[in-house]
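Participant: Compute the structure for the input listed below.
(2 chains)
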Number of protein chains: 2
Amino acid sequence: MSKIRIAIAGYGNLGRGVELAVKQNPDTELVCVFTRRDPSSVKLLTEGVKVMNISDAASMKDSVDVLIICGGSATDLPEQTPELAKMFNVIDSFDTHKRIPEHFANVDKAAKENGHLAMISLGWDPGLFSLNRLYAESILPNGKSYTFWGKGVSQGHSDAIRRVEGVKRGIQYTVPVEEAMDAVRSGSQPELTTRQKHTRECFIVPEDGADLAKIEAEIKGMKNYFDEYDTTVNFITEEEFDAVHNKMPHGGFVMRSGMTGDGEKTHQMIEYSLRLESNPEFTGSVLVCFARALSRMRAEGATGCKTAFDVAPAYLSPLSGEELRASML
Amino acid sequence: MSKIRIAIAGYGNLGRGVELAVKQNPDTELVCVFTRRDPSSVKLLTEGVKVMNISDAASMKDSVDVLIICGGSATDLPEQTPELAKMFNVIDSFDTHKRIPEHFANVDKAAKENGHLAMISLGWDPGLFSLNRLYAESILPNGKSYTFWGKGVSQGHSDAIRRVEGVKRGIQYTVPVEEAMDAVRSGSQPELTTRQKHTRECFIVPEDGADLAKIEAEIKGMKNYFDEYDTTVNFITEEEFDAVHNKMPHGGFVMRSGMTGDGEKTHQMIEYSLRLESNPEFTGSVLVCFARALSRMRAEGATGCKTAFDVAPAYLSPLSGEELRASML
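Facilitator: Residues are numbered from 1 along each chain as shown, chains lettered A, B, ... in the order given. The predicted model follows:
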């Protein structure tokens, strides 16, 4: 059987995560990487794979089965995914939850008009967490759902603290509050405020002579980022920063507390959690696994835009239906 | 929109769980219950629903969209599901893992020949646990999967201890070993023996004058049931038994410990767990939710036998694709 030919658009942390995931899946192969940078400046981890400027993507139209787009959700993906869906079957990890309907419509139109299949908003949230919300809410219609994130690095919040005057290096961890999760697990179905669900921990290397109290106050009061949370600010040395805070861990919890039975008095608890040492490597693994599903669904004639909700789980596995039933059911 | 007309075959704990789940899903309605008993001896929880002998099922052929078969896996379902699939679209919770391929083939043939759609082996294990094994193994191909059960009542083991001489009442709980689960969570990917994964706890009301030491020894040595486990036997009063051990809780954990990245050194942990106060009510909720999917897939023309692996998650929810993308993705 021929391998699924995968291309990557955008070679940052996520692009590298996809590249590494392709290596772990023998039914896939990486055929090229598209970049906005000078291709000669990009060094891949895989031998013999070409790097091309994204403006030359059209020349690869017939050599790629699935293009995995690894740009940012703020400005890259809303433009790139519909545009590239005209030439390729595409997957992205668009994660601006409230703009998903609009993004879906744009991608669906471009993909359908050109006979391609697209999948958007894949990864773990949106993605696996969304799937767990859907399964759990469909099974337990009378209940309450909760999502907690962390402990993990928030890129957006880390960027925000690095913009504060006097901050040389900075990283921010989102931490779920154990007491809040235990309250959910108890079946009490609590109403939880933003502050009750998560805390934020910052680790900062200050510039020489910076005013530490001012940095701390500025971070803690930052609107939309920190003002609604209990935040701790830790000042550390550059050595400690490099030794301890050089990874991108993340994770989280999706919980459904539901009631069933006569009078709806029986408590049923569903919980899904991820503890990831590397967010981009894990997200890359999810994207490659859905690329397999995409190539199969496209071969059956599907076009337009899909999400994780539309993919029968069997499409994700390299095993046949028979093998799956015998080994995993 | 017309409601999904559901029938139940077999009115024990699971049948009642299905009946209660139908009440929680306004797009479904219960139209009848088939029983092997004298129908007049069966009292339902729902007003105005008829109870019929299973031998008269054919007369309801055109009045039922999905028949949920609630018999046992040992002897009932291998016969009932293929037979009833000739007349109805059917769902069962067949859970004898190693006989699934054979059961699938029999049901697939009967359903296809008669233009019906069947789904087998639904519930939480097989069912939701199977789905989680499939998603997790597809995403993290380099890793190890673990399933732990409990804390919960094992019907088979409870039946076994009740057959011991001198036992008046008895119930058995399967308990997952916390240390073993923590070893899995650490990423060490341990090889675990049967004894290391679960313990068994028995609560027994002895007959007057029974030899307690003999009961305990007989239980602990019982081949296939207890000899490979660390078992504790507790003797209690009938009052305590009725007050504390009158429920059917269950649950468990599916874990995937996988490695990604350059040199596959990055640990990624996926964990799914259920904590159920009532096993039959939860299983009934899963079956009704898949009945919704079945009725939609049948309306699109699908026939033959499917499992949870073949059902795109969106089919499970009463919400439209648009609503799902806006609210849950």
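Participant: which residues in the stretch 51-200 of chain A form helices?
Facilitator: Shown for the stretch 51-200 of chain A, the helices assigned by DSSP state H, counting those that start in this stretch span residues A:76-84, A:100-113, A:128-139, A:155-162, A:178-185, A:194-197.
Participant: could you list every residue that touches the closest residue to chain B within the stretch 101-250 of chain A?
Facilitator: Nearest residue of the stretch 101-250 of chain A to chain B: residue A:138, at 4.0 Å (CB to the nearest CB). Just so you know, the C-beta spots here come from the backbone N, C-alpha and C atoms, and that holds for glycine as well. By CB atoms under 8 Å, 6 or more residues apart in numbering or on different chains, the residues touching residue A:138 are B:289, B:292, B:313, B:316, B:317, B:318.
Participant: With residue A:256 instead?
Facilitator: Counted by CB under 8 Å, 6+ apart, residue A:256 has contacts A:133, A:136, A:137, A:139, A:140, A:143, A:144, A:145, A:146, A:269, A:270, A:271.
Participant: elements contacting the helix or strand bottoming out on mean pLDDT in chain A?
Facilitator: Least confident element among the helices and strands of chain A, by mean pLDDT, DSSP states H and E: helix A:155-162 (a mean of 92). The elements that helix A:155-162 packs onto, with contact taken as 3 or more CB pairs under 8 Å, 6 or more residues apart in numbering or on different chains; DSSP states H and E, are strand A:167-176, strand A:198-206.
Participant: now do 10 Å
Facilitator: Applying 3 or more CB pairs under 10 Å, 6 or more residues apart in numbering or on different chains; DSSP states H and E, one finds that helix A:155-162 makes contact with strand A:167-176, strand A:198-206, helix A:212-220, strand A:230-235.
Participant: Now render these as TSV, adding mean pLDDT.
Facilitator: Putting the helices and strands packed on helix A:155-162 into TSV (pLDDT from 0 to 100) gives the following:
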stretch	mean pLDDT
strand A:167-176	97
strand A:198-206	97
helix A:212-220	96
strand A:230-235	97
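Participant: Just send these back as JSON lines, with distance to residue B:257 and mean neighbour count too.
Facilitator: Putting the helices and strands packed on helix A:155-162 into JSON lines (distance: least, CB to CB, whole Å; neighbours: other CB atoms under 10 Å in any protein chain shown) gives the following:
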{"stretch": "strand A:167-176", "distance to residue B:257": "21", "mean neighbour count": "20"}
{"stretch": "strand A:198-206", "distance to residue B:257": "26", "mean neighbour count": "20"}
{"stretch": "helix A:212-220", "distance to residue B:257": "36", "mean neighbour count": "16"}
{"stretch": "strand A:230-235", "distance to residue B:257": "30", "mean neighbour count": "16"}
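Participant: ok so, going back, identify each buried residue in the least confident helix or strand of chain A, please.
Facilitator: Across helix A:155-162, burial judged by 16 or more other CB atoms under 10 Å in any protein chain shown covers A:155, A:157, A:158, A:160, A:161.
Participant: Only the C-alpha atoms, please, for that helix, written as PDB.
Facilitator: The C-alpha coordinates for helix A:155-162 follow below in PDB (Å, rounded to 0.1, in the frame of the first residue of the first chain):
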ATOM      1  CA  GLN A 155       1.900  30.900  25.000                       C
ATOM      2  CA  GLY A 156      -0.400  33.900  25.000                       C
ATOM      3  CA  HIS A 157       0.200  34.700  28.700                       C
ATOM      4  CA  SER A 158       3.900  34.100  28.400                       C
ATOM      5  CA  ASP A 159       4.000  36.600  25.500                       C
ATOM      6  CA  ALA A 160       2.100  39.100  27.600                       C
ATOM      7  CA  ILE A 161       4.500  39.000  30.600                       C
ATOM      8  CA  ARG A 162       7.500  39.300  28.300                       C
END
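Participant: and the angle for that helix with strand A:198-206?
Facilitator: Orientation check (axes from the mean of the first three to the mean of the last three CA atoms, to 10 degrees): helix A:155-162 against strand A:198-206 gives 40 degrees.
Participant: Give me the contact list for helix A:155-162.
Facilitator: A:13, A:72, A:74, A:154, A:167-174, A:200, A:202-204, A:215, A:218-219, A:222, A:224-226, A:229, A:231, A:233, A:245, A:248, A:250, A:279-280 (CB atoms under 10 Å, 6 or more residues apart in numbering or on different chains).
Participant: which among those residues are in contact with chain B?
Facilitator: Of the residues in the contacts of helix A:155-162, proximity to chain B by CB under 10 Å from any CB of the partner chain holds for A:248, A:279, A:280.
Participant: in a strand, that's where the last one is, yeah?
Facilitator: It stands for residue A:280. No. Looking at residue A:280 with DSSP: H, G, I helix; E, B strand; the rest coil, it is helix, so not inside a strand.
Participant: Tell me who's in contact with it.
Facilitator: A:12-18, A:20, A:70, A:93, A:123, A:155, A:248, A:250, B:260-261, B:266.
Participant: Mark which of the residues you listed are buried, thanks.
Facilitator: Buried among the contacts of residue A:280 (16+ other CB under 10 Å): A:13-18, A:20, A:70, A:93, A:123, A:155, A:248, A:250, B:260-261, B:266.
Participant: can I get the helices and strands packed on helix A:155-162 in CSV with distance to residue A:56?
Facilitator: Compiled in CSV, the helices and strands packed on helix A:155-162 are given as follows (distance: least, CB to CB, whole Å):
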stretch, distance to residue A:56
strand A:167-176, 36
strand A:198-206, 40
helix A:212-220, 43
strand A:230-235, 46
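Participant: Count the neighbours of residue A:47 for me.
Facilitator: Neighbour count of residue A:47, defined by other CB atoms under 10 Å in any protein chain shown: 5.
Participant: Same check on the one 10 residues further on?
Facilitator: Taking other CB under 10 Å as the criterion, the count of residues near residue A:57 is 19.
Participant: Look up the pLDDT of residue A:1 for me, please.
Facilitator: pLDDT for residue A:1: 68.
Participant: for residue A:108, that is, sorry about that
Facilitator: 98.
Participant: quick one on the thing from earlier: of the ones next to chain B among the contacts of helix A:155-162, which is the nearest to residue B:59?
Facilitator: residue A:279 (58.0 Å; CB to CB).
Participant: Tell me how far the closest one lies from residue A:124.
Facilitator: Distance of residue A:279 to residue A:124, given as CB to CB, to the nearest Å: 8 Å.
Participant: Name the residues contacting each of these two.
Facilitator: With CB under 10 Å, 6+ apart as the test, residue A:279 and residue A:124 both reach A:250, A:251.
Participant: mind listing what the residue lying closest to residue A:255 once chain neighbours are set aside touches?
Facilitator: Closest residue to residue A:255 in three dimensions, ignoring its sequence neighbours and counting by CB to CB, 6 or more residues apart in numbering or on different chains: residue A:146, at 4.5 Å. Residues near residue A:146 by CB under 10 Å, 6+ apart: A:133, A:176, A:180-181, A:183-185, A:189-190, A:192, A:197, A:253-257, A:271.
Participant: Keep only the contacts of residue A:138 that also lie close to chain A.
Facilitator: Among these, chain A is touched by B:289, B:292, B:313, B:316, B:317, B:318 when using CB under 10 Å from any CB.
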